[in-house]
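*Asks:* Next comes the sequence, and after it the predicted model I'd like to discuss.
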Amino acid sequence: MLVFWEQRLVLLATPKTGSTALAEALARFAAISIQTPPELKHTPVKRYRRFMGPYLEQVAKEPFTVIGVMREPRDWLGSWYRYRQRAGIPDKRRSTAGLSFDAFIQAYCTDAPPAFANVGTQAGFLRPEGVKGADLLFRHDRIDDLVQYLEGRLNRQITLPLSNVSPVAPTPLSAEIEALLHRCAEPDFALYATLV
């Protein structure tokens, strides 16, 4: 998560949406840059609004604009699946090595996903029910829109590096599991459909 004090701007670090590249490009311009541990780096909007936001706004005496990045839901889950296939994952329970993408999605769509598929939802991270969500969302596949927005707000040119990219691997889904995914991740698909 990055906080730009003078601009009254907060950039949430949605997992698997380029947050590492954004931090590498922008952390030096931020008043607050939280990169570790991952639990703090990837603070969801609900926790931000409950804990950090009120403090920042009390000190600043004005609101902050909270922005985030969202990835197409199937692609986002594919990135998680590929990321967790890499060698050297410290907690083997989180590894997807040897699993098909169908099996990963089936596990993700259960009431209590196992560790390898327990990745949450983007809707829950960015715009959960009953909480004021992010003020502005950008599509991951149109990251240039975010860069242009940030260049205007921060008054500087920004070049994003390629960082923490998931390995390339096929992520085919059977029609049955694709339909299951659309049912269980309906809030994510609905939110993504609102982004222009």
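*Replies:* Right, received. Where do you want to start?
*Asks:* average model confidence for the strand ranked longest in the chain?
*Replies:* As assigned by DSSP state E, the longest strand anywhere in the chain is strand 65-70. The average pLDDT for strand 65-70 rounds to 98.
*Asks:* cool, and stretch 90-109?
*Replies:* For stretch 90-109, the mean per-residue pLDDT is 96.
*Asks:* mind checking the end-to-end distance for that stretch?
*Replies:* In stretch 90-109, first residue to last residue: 24 Å (CA to CA, to the nearest Å).
*Asks:* what residues does the longest strand of the chain touch?
*Replies:* 8-12, 14, 17-19, 22, 45, 48, 53, 76, 122, 125-126, 134-140, 143, 146, 149, 191-192, 195 (CB atoms under 8 Å, 6 or more residues apart in numbering). For the C-beta atoms, the positions are set from N, CA and C on the backbone; glycine is no exception.
*Asks:* In helices, which of the residues you listed appear?
*Replies:* Counting by DSSP state H, the contacts of strand 65-70 place 19, 22, 45, 53, 76, 122, 125-126, 143, 146, 149, 191-192 in helices.
*Asks:* Tabulate those (CSV), appending pLDDT.
*Replies:* Below are the ones in helices among the contacts of strand 65-70 laid out as CSV (pLDDT from 0 to 100):
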residue, pLDDT
19, 95
22, 97
45, 98
53, 98
76, 98
122, 98
125, 98
126, 98
143, 96
146, 98
149, 98
191, 98
192, 98
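*Asks:* The residues you listed, buried ones only, as a ChimeraX selection?
*Replies:* In ChimeraX, this line selects whichever of the ones in helices among the contacts of strand 65-70 come out buried by 16 or more other CB atoms under 10 Å:
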select :19,22,45,53,76,122,125,126,143,146,191,192
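*Asks:* JSON lines for the ones in helices among the contacts of strand 65-70, including distance to residue 38?
*Replies:* Shown next, in JSON lines, are those (distance: CB to CB, whole Å):
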{"residue": "19", "distance to residue 38": "10"}
{"residue": "22", "distance to residue 38": "15"}
{"residue": "45", "distance to residue 38": "16"}
{"residue": "53", "distance to residue 38": "20"}
{"residue": "76", "distance to residue 38": "16"}
{"residue": "122", "distance to residue 38": "16"}
{"residue": "125", "distance to residue 38": "13"}
{"residue": "126", "distance to residue 38": "17"}
{"residue": "143", "distance to residue 38": "21"}
{"residue": "146", "distance to residue 38": "21"}
{"residue": "149", "distance to residue 38": "25"}
{"residue": "191", "distance to residue 38": "23"}
{"residue": "192", "distance to residue 38": "23"}
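*Asks:* what distance separates the longest strand of the chain from the centre of its chain?
*Replies:* Here the centre of strand 65-70 is set off from its chain's centre by 9 Å, with CA atoms, centre = their mean, to the nearest Å.
*Asks:* List the buried residues of it.
*Replies:* Buried residues in strand 65-70, counting neighbours by 16+ other CB under 10 Å, are found at 66, 67, 68, 69, 70.
*Asks:* ok, of the ones in helices among the contacts of strand 65-70, which one's closest to residue 177?
*Replies:* residue 76 (15.8 Å; CB to CB).
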